[in-house]
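**Q** what would the 3D arrangement of this be:
(2 chains)
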Amino acid sequence: MSATRTSPPVADADLLRIRGLHAGYTVPGRSGLRRRRVDAVAGVDLTVRAGQTVCVVGESGCGKSTLARSVVGLLEPFAGSVSFAGLDLASAGRRQRRRVAHDLQMVFQDPYTSLNPRMRVADIVAEGWRIHRGRVAPGDHAAEVARLLDLVGLDPSYAGHRLHELSGGQCQRVSIARALALRPRLVVCDEAVSALDVSVRAQILNLLADLQGELGIAYLFISHDLDVVRHIADEVAVMYLGTIVERGTAAQVFGDPQHPYTRALLSAAPSVRDRPDSATEVALTGEVPSPAAPPSGCRFRTRCPLAADVCATEAPGLRARGDGEHPAACHFAGQGAAAAASVEAAEEKQA
Amino acid sequence: MPVPDMGGEQRAMPVPDMSGEQRAMPSTAGDGARTTGAERSPAARLRGVHIGFGGRGDELPVVRGVDLDLVPGRVTALVGESGSGKSLTALALMGLLPAGARVGAGSVEIDGRDTAGFTDAQWRRLRGTKVAMVFQDPMAALNPSFTVGWQIAETLRRRRGTGRRAAREQTVELMRTVGIPDAEHKYREYPHEFSGGMRQRAVIAMALTLDPAVLLADEPTTALDVTVQAQILRLLAARQADTGMAMLLVSHDLGVVARVAQDVAVMYAGRIVETGALDDVYTSPAHPYTRGLLDAVPDPARPGRLVPIDGQPPAPGHRPAGCAFAPRCPYATETCRTDDPPLVPLAASRPGPATGQHSVACHHSDRVLARATGTEVPS
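**A** Sure, this is the predicted structure:
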C-alpha cells in the first residue's frame, strides 16, 4: 500500500506515539482489600505515521485488544503515554480529547455487538455529526450518508434499514462507514475482517486500501491473520503476552523472522500456498501463560525451543541487530536451534 | 421455528443452537458390535441428500442433492462459506439436525445401513461407535458440572459396561494419547479449569472413546489460536492415521483444509460444486467459485488489489434457476441461467481412489481450467 504514497508533512510524521504503555485490568488482591494490577500490555512502544498501515499480530491474550482500547481512550492506561497528533491523551482534559476524537476512530471485530441494533443504518453513520457539530450541516446528512454508503460498497437504499436486515459483511461495512464519517486520520481496526468469509474479506481489504490511497488514512490494524497482515502491512509488530517481541517492515518480519515466537507463528499459520513441511515446522508446545502471572525473565521462555538459563533471569530488550530497524526481543535473536545448542554447550563447559 | 442465518458471513455460531443435543456424544443403549466391512467400501455414504426446513424438508431447501463418500483411512474436507450447508450435511451424518430441519430426499448410509426412519435409540447406538463428532466450541460440548475425566469415562461405563476403575484407567490413557499433560490430575478437573486447547483435546478424546469408524470435525479449530490450532490439527491427523478411521473435516478455512485433508469437496448454496483430490482442486480449480475462493486469499506473489468474488451468496429460498453461482460468475452464459449443471468427472481427470475423482458442476469448466493455466503467476 505504501509504494506510491508521497511523504507526509513533517509535523504529521508521528501521528500516534505510544511510549512505555502499561494497561490492563485489576483483580482482587490476596488480602481482598487492595486490587492487584494485571498488565495485559506491559511496556509497549509503537509509532504510527500518517498514511501508514501498522499491523499488530499475536494470539489471544497477548494484549493486542487492550492496546487498541487504550489508544482510542476506552481504557485508562496504568502507566506510559499515548499521544495522538502531538496531544498526550492521558493528561488531556475532556474538551481537548474531544477535539481529536473525530480524527481517531475504531472498527471492532463484531459489528453485531458494536453497533446499536435499534438504530437505522443512516443514524449509525450520522451519529458522529450530531456529537461533533458543525462538520456536516443537518440538511446534508442524508446526502452525505448516501455518499459514505456508496464509498464502502453498500447500496444507499440500505440507509433506512436496521442491522438485522443486513448480512455480517454488510454490517461491517456500516461499521467502517461510521468510522469514516468524521474523516479520521487514524482508524484502529481490531480484528475488523476476522469474522468474514474470504470473498467478503477481500472486498473489505480492497476498500481499506482504496480509502487510504484517496484520503491518506493511517491504520493500526490488529489481526491474527498472517495472510492478511502480510498483504496490507507497511510495518508489523509481533506481540506476545503484553510485549512486542519483534518489529519491522512486512518484508523483514515475514521474510527474515528473528524471534523464535515469530518463526513459530509463521510456521503454524495455515496457508493455502505453503504446505507445511514437518521438517521445517517450528512446533510450539503449551499455551500462552496468564498475564496475571507472567514467567520471569523472557515471557516467551516457557514455550521457547531455544530457552536457556539466561532467559529465566534476564528479560531481553527489544534491540536491533546489525543494520536497519528490525529489532527483536530475544537473547538468541536470529539464531537457529543449532546456535542455541552451542550456547548451552558453552555454558555447560563453564559450569 | 428457528431458521438459521444462512445469509452472509461467518458468525459466532456455525450451526443453529442445538442446546442439549450438542453435548450428547454417545450415551445409553448397548454397544453395537462393530462389523468392519471391506476396507474400500465407504464407512458413510450420502446419496442425493436434500436437507431443508419446513414441511417435508422442502420449504426452505438448504442442502440440495449432496453425494459424499467417507472412506476409511482418508480425510475429506467439506469447505464453503457460511450458509453453504456444510454444517447441516455433517449433522445429518450424526442424526443431529436442528429442530425443524430434516432430510427431505436422498439417503444417509452409515456402515452400509440406510438411516432413513431411524429412531432416537437406533441413532444413539450408531453415535460413538460408527460416527462421532467434534464441534467448534468445546465448552458447549462439555458439561460444566462434571469433571472432564468423569464425562469421558461415562461413555465407557454406559456403552461398554466397563467397571469404574478400568474406565478410569482407560480414560487417563486416552487423555494421554490426545496430548493432555498430567492426565491423572486433569481427570479430576472441571471444564472451566481447562484452557481452550485442552478442552478441545478433551472433546476429541471423548469422540474417540469408542473407536468410531467415522470422525466428523466441524470447524474444530476455529475458536483456537494459530499455534494451538496447529497442535490440534496435528493431533487429529495423527489419531486419524493411527486408527485408520474416515474423517470429515468441515471448515471455511482453505489453509486448515490444506494441512489435513487428502480429498476436498467445495460447497456452494447447498450443492457440492467441485470435488477431488486436494492437490488437483487447489492447483487446478475447475469451478469458478473454487477459483474465486483461492484467488481471494492474499498471496505474497501477487501484491496489489485482491480479487474478491462479486456479490453475495443467495439465501435459501432465493436461489436463482439454473446454476446458483451464475449471478456472481464471470463465465456465466445463458445456459447457466436456465440449466443447473450436474457434478460430472472432468474429462482429463485421472481416475483416483473412490473420492479422489476430480469432478465439477460447471458448464464452462474447460474455460476455467484453460484460464487457470494461462494466467498462472510463475513463482
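**Q** where does the chain have low pLDDT?
**A** Went with chain A since none was named. Along chain A, segments meeting pLDDT under 70 span A:1-12, A:274-282, A:322-324, A:334-351.
**Q** that was the other one, I meant chain B.
**A** Of all residues in chain B, those with pLDDT under 70 make up the ranges B:1-40, B:57, B:347-356, B:372-379.
**Q** now the helices for it?
**A** B:19-23, B:86-94, B:120-126, B:138-141, B:148-155, B:164-177, B:183-186, B:196-208, B:226-243, B:254-260, B:278-283, B:288-295, B:334-338, B:365-374 (DSSP state H).
**Q** got a list of what the closest residue in space to A:His141 that isn't next to it in sequence touches?
**A** In space, not counting the residues next to it along the chain, A:His141 is nearest to A:Ala126; the distance is 4.9 Å by C-beta to C-beta, 6 or more residues apart in numbering or on different chains. C-betas here are computed from N, CA, C, even on glycine. By C-beta atoms under 8 Å, 6 or more residues apart in numbering or on different chains, the contact list for A:Ala126 reads A:136, A:141, A:144-145, A:181.
**Q** any chance of CSV for the helices of chain B, columns mean neighbour count and distance to A:Arg162?
**A** Converted to CSV, the helices of chain B look like this (neighbours: other C-beta atoms under 10 Å in any protein chain shown; distance: least, C-beta to C-beta, whole Å):
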stretch, mean neighbour count, distance to A:Arg162
helix B:19-23, 13, 28
helix B:86-94, 25, 27
helix B:120-126, 16, 40
helix B:138-141, 19, 29
helix B:148-155, 23, 42
helix B:164-177, 17, 48
helix B:183-186, 15, 46
helix B:196-208, 25, 34
helix B:226-243, 20, 35
helix B:254-260, 22, 33
helix B:278-283, 18, 40
helix B:288-295, 24, 30
helix B:334-338, 14, 33
helix B:365-374, 15, 39
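**Q** need the contact partners of stretch A:138-146.
**A** Stretch A:138-146 is contacted by residues A:121-122, A:125-126, A:129, A:136, A:156, A:159, A:177, A:181 when judged by C-beta under 8 Å, 6+ apart.
**Q** please redo it, this time with the cut-off set to 7 Å
**A** A:122, A:125-126, A:129, A:136, A:156, A:159 (C-beta atoms under 7 Å, 6 or more residues apart in numbering or on different chains).
**Q** about what we covered before: list phi and psi for the residue nearest to A:His141.
**A** phi -90, psi -10 (degrees, to the nearest 10).
**Q** could you measure from the residue in the stretch 51-200 of chain B positioned nearest to chain A over to B:Ala296?
**A** Nearest residue of the stretch 51-200 of chain B to chain A (C-beta to the nearest C-beta) works out as B:Glu81 at 4.0 Å. Distance, B:Glu81 to B:Ala296, by C-beta to C-beta, to the nearest Å: 10 Å.
**Q** find the residues that touch each one of the two.
**A** Common neighbours of B:Glu81 and B:Ala296, using C-beta under 7 Å, 6+ apart, do not exist here.
**Q** run a quick neighbour tally on A:Ala137.
**A** Applying other C-beta atoms under 10 Å in any protein chain shown, we find 10 residues neighbouring A:Ala137.
**Q** what are the phi and psi angles of it?
**A** Main-chain torsions, A:Ala137, degrees, to the nearest 10: phi -60, psi 140.
**Q** same question, A:Gln172
**A** Per-residue torsions, A:Gln172: phi -60, psi -30 (degrees, to the nearest 10).
**Q** contacts only, for it.
**A** Contacts of A:Gln172 (C-beta under 7 Å, 6+ apart): A:111, A:192, A:196, A:204.
**Q** out of those, who's nearest B:Asp67?
**A** In terms of C-beta to C-beta, no member of the contacts of A:Gln172 lies closer to B:Asp67 than A:Leu196, at 29.6 Å.
**Q** thinking again about what came up before, counting neighbours, which of the contacts of stretch A:138-146 comes out on top?
**A** The residue in the contacts of stretch A:138-146 with the most neighbours, by other C-beta under 10 Å, is A:Val125 (27 neighbours).
**Q** for A:Ala177, see how far away that residue is.
**A** Going from A:Val125 to A:Ala177 by C-beta to C-beta gives 5 Å.
**Q** hey, what's in contact with both of the two?
**A** Residues touching both A:Val125 and A:Ala177 (C-beta under 7 Å, 6+ apart) are A:Leu148.
**Q** which parts of the stretch 1-150 of chain A sit against chain B?
**A** Within the stretch 1-150 of chain A, the residues that sit near chain B (C-beta under 7 Å from any C-beta of the partner chain) are A:59-60.
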